[in-house]
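> 3D, please:
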Amino acid sequence: MIVAAIQTTQAIVIAASFAVITAVGLYAGRWRKADLHDLDEWALGGRQFGGVLTWFLQGGSVYTTYSFVAVPALVFGAGAIGFFALPYLVITYLVAFLVVPRLWQLAHDRGYVTPSDFVRDRFKSRWLAAAVTLTGIVATMPYVALQVYGIEICMAQIGLPVQASLWTAFALLAVITYLAGLRSATLIAVVKDVLIWVTVVVAVIYIPLHLGGYGHAFSKVPASKLLLPRRMDGDYVTLAIGSGLALFLYPHTLTGALASKSRFVVQRNSIFLPVYTVMLGLLAILGYMAIADGIHPSAHYGNNAAVPALLDQVFPAWFAGFGLASIAIGALVPAAMMAIAAANLFARNVWRELRPDTSPHRQTQVSKLASLVVKFGAVGFVLAAPTTYVVNFQLAAGVWILQTLPAVFVGILWRKLPARAALAGWTVGIGYGTYLLVRAGFDSSSASFGVGSHHTQLFIGVPALVANLLVTGGITLVLRLRGKESLQAIATS
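Below is the predicted model:
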């Protein structure tokens, strides 16, 4: 779809940026040369990234199109509720600091590549590992599609043919990732972060000046959007808590952590990564700047086009192209990592389960091919499905991935959790969460909860997780009581 005549300057800048990224990605295959037929090398960069590279890589996996497009779009359309992303990331890094280094140590000692590897070994349960694998793949796919969607908005903003542009961008990404694996995502992440930081810093200085100062800009924003309505308190809190607990359950964020060379690198990055949260807060404010500048929702992309339209309207053509390129490239890094992570789940926890005699070399080949399927499948899905469906379906990903928390996080922290309890809890959580999403028609990730006249909106993932934990805890208690009774019977016989 073309929403405007092609804007030549912006198109040239974006094309040049993608050319640079392609060169960087291809160079990554020669950088720190290794046997890229080995899954550890291709999918985890040899587990040798230090603090700086891990910082860029994890920043690239955490701060995705969701940060650059969806959060400011939520502020633009709904107001202060969009700022839930700031406390959510504070919670995320606390969780990462406490749990992820332990997973890194286990993965390093026992050769885990995916969270499902840990679950399979820890619980000795094929079914629980299959549940975590299925959830990881299903939750990752709409997340990849959201990255495609972000690139589509940028291409459409300057009038480029969307289908041809997307297929070209992801063909380049597919080739680069197939050849260089996680190394390509790491080097591209460094370039992407430089582009994004330059864009954000210039935007938060220049745009308010263009609008007459921050005070004048905020005066143009309706008061209802500047403050959080009381009726949305519960939604805000549970979105922050649920999202914060969920983020490092996604396979791609854990992949970035497992690629580091030590558990101390993971811990340090949990301390320093919140610097990116400052950037996210500044991006969220751009939603208000778009209101002040008179940006209107796009007929085709709705509020999601707010920031691309703002950059295109306010800046000279060359810098608008630079900013749009930074958003598009910012989507490529997490898309690559998500495709690699989903492909690893398939190769290690589906293919290898079905064919236990599969060689390590063959596992790498399967993962490489599966990563191609994920990328091109996401592009096809975005182009075929209604665009609003893509964004709404991504909301379900957080609800679903949150239900793996007992098996992964609790399993790391508490050795006595039984597999049967974790699997029963997962079943209840997935079932209840999906039921609530279906009831909402996948139009929202929140639902009304309460008794009588006292109701409040809550993020669906949190009540579903509570149900999950109650079932998990209840069955664990019953099994332990039965175990004690059996021991007493043996002792008295």
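
> buried ones in stretch 309-324?
309-312, 314-315, 317, 319-324 (16 or more other Cβ atoms under 10 Å). (Glycine included, C-beta is placed from N, CA and C.)

> Tell me which of those residues fall in helices.
Judged by DSSP state H, helices contain the following of those: 309, 310, 311, 312, 314, 317, 319, 320, 321, 322, 323, 324.

> The fifth one reaches residue 292, doesn't it?
Read that as residue 314. No: the criterion here is Cβ atoms under 8 Å, and residue 314 misses it with residue 292 at 10.6 Å.

> Let me know the average pLDDT across the helix or strand hosting residue 154.
Assessed by DSSP states H and E, residue 154 sits inside helix 126-157. Averaged across helix 126-157, pLDDT comes to 90.

> Check stretch 261-268 too.
The average pLDDT within stretch 261-268 is 92.

> could you dump it to PDB, C-alpha only?
The C-alpha coordinates for stretch 261-268 follow below in PDB (Å, rounded to 0.1, in the frame of the first residue of the first chain):
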ATOM      1  CA  LYS A 261      30.600 -14.600  28.800                       C
ATOM      2  CA  SER A 262      29.800 -14.700  32.500                       C
ATOM      3  CA  ARG A 263      27.000 -14.400  35.000                       C
ATOM      4  CA  PHE A 264      28.600 -11.200  36.300                       C
ATOM      5  CA  VAL A 265      28.100  -9.600  32.900                       C
ATOM      6  CA  VAL A 266      24.400 -10.500  33.100                       C
ATOM      7  CA  GLN A 267      24.200  -8.900  36.500                       C
ATOM      8  CA  ARG A 268      26.000  -5.800  35.600                       C
END
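
> neighbouring contacts of it?
The contact list for stretch 261-268, computed with Cβ atoms under 8 Å, 6 or more residues apart in numbering, reads 47-51, 54, 96-97, 100-102, 104-105, 108, 257, 260.

> for stretch 462-475, same thing?
With Cβ under 8 Å, 6+ apart, stretch 462-475 has contacts from 238, 241-242, 245, 399, 402-403, 405-406, 410, 417-418, 420-422, 424-426, 428-430, 432-433, 436, 447, 449.

> Narrow those residues to those in strands?
447, 449 (DSSP state E).

> just to revisit the earlier point, farthest-apart pair in the ones in helices among the buried residues of stretch 309-324, please.
Distance extremes for these: the farthest pair is 309 and 322 at 15.7 Å, using Cβ to Cβ.

> Can you name the helix or strand that the nearest residue to residue 51 once chain neighbours are set aside falls in?
Setting aside the residues directly before and after it, residue 51 is nearest to residue 265 in space (Cβ to Cβ, 6 or more residues apart in numbering), at 5.2 Å. Here residue 265 sits within helix 263-272, counting by DSSP H and E.

> now, which of the ones in helices among the buried residues of stretch 309-324 sits nearest residue 228?
Among these, residue 310 lies closest to residue 228 (Cβ to Cβ), at 22.9 Å.

> Quick check: buried residues in the helix holding residue 265?
So helix 263-272, judged by 16+ other Cβ under 10 Å, has buried residues 263, 265, 266, 267, 268, 269, 270.

> wait, residue 207 sits on residue 313?
No: using Cβ under 8 Å, residue 207 makes no contact with residue 313, being 9.9 Å away.

> Find residues that contact each of these two.
residue 293.

> what's the weakest-modelled helix or strand in this structure?
helix 387-401 (a mean of 74; mean pLDDT, DSSP states H and E).

> and the closest residue to residue 298 other than its chain neighbours, what does it touch?
Among residues not flanking residue 298 along the chain, residue 305 sits closest, at 3.8 Å (Cβ to Cβ, 6+ apart). By Cβ under 8 Å, 6+ apart, residue 305 lies in contact with 73, 153, 156, 157, 297, 298.

> any chance of those in JSON lines, with neighbour count and distance to residue 377 too?
Shown next, in JSON lines, are the contacts of residue 305 (neighbours: other Cβ atoms under 10 Å; distance: Cβ to Cβ, whole Å):
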{"residue": "73", "neighbour count": "27", "distance to residue 377": "25"}
{"residue": "153", "neighbour count": "28", "distance to residue 377": "20"}
{"residue": "156", "neighbour count": "21", "distance to residue 377": "21"}
{"residue": "157", "neighbour count": "24", "distance to residue 377": "25"}
{"residue": "297", "neighbour count": "16", "distance to residue 377": "29"}
{"residue": "298", "neighbour count": "18", "distance to residue 377": "25"}
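
> for these, which one is nearest residue 277?
Distances from residue 277 to the contacts of residue 305, taken by Cβ to Cβ, are shortest for residue 73, at 18.1 Å.

> wait, doesn't that closest one sit right on residue 288?
No: using Cβ under 8 Å, residue 73 makes no contact with residue 288, being 11.8 Å away.

> For the stretch 301-450 of the chain, which segments count as helices?
306-314, 317-346, 352-354, 360-384, 387-401, 405, 411-413, 419-439 (DSSP state H, counting those that start in this stretch).

> Where does pLDDT dip in the chain?
1-5, 385-393, 484-493 (pLDDT under 70).

> Kindly recompute the last result at 80.
For the chain, applying pLDDT under 80 flags the ranges 1-6, 29, 32-34, 65-66, 230, 381, 383-395, 442, 451-453, 483-493.

> State the distance from the closest residue to residue 282 other than its chain neighbours to residue 283.
Excluding the flanking residues, the one nearest residue 282 by Cβ to Cβ, 6+ apart is residue 204, at 4.8 Å. Distance, residue 204 to residue 283, using Cβ to Cβ, to the nearest Å: 9 Å.

> and if you look at residue 399?
The spacing between residue 399 and residue 283, counted by Cβ to Cβ, is 24 Å.

> And residue 217, which helix or strand is it part of?
Residue 217 belongs to helix 214-219, assigned by DSSP H and E.
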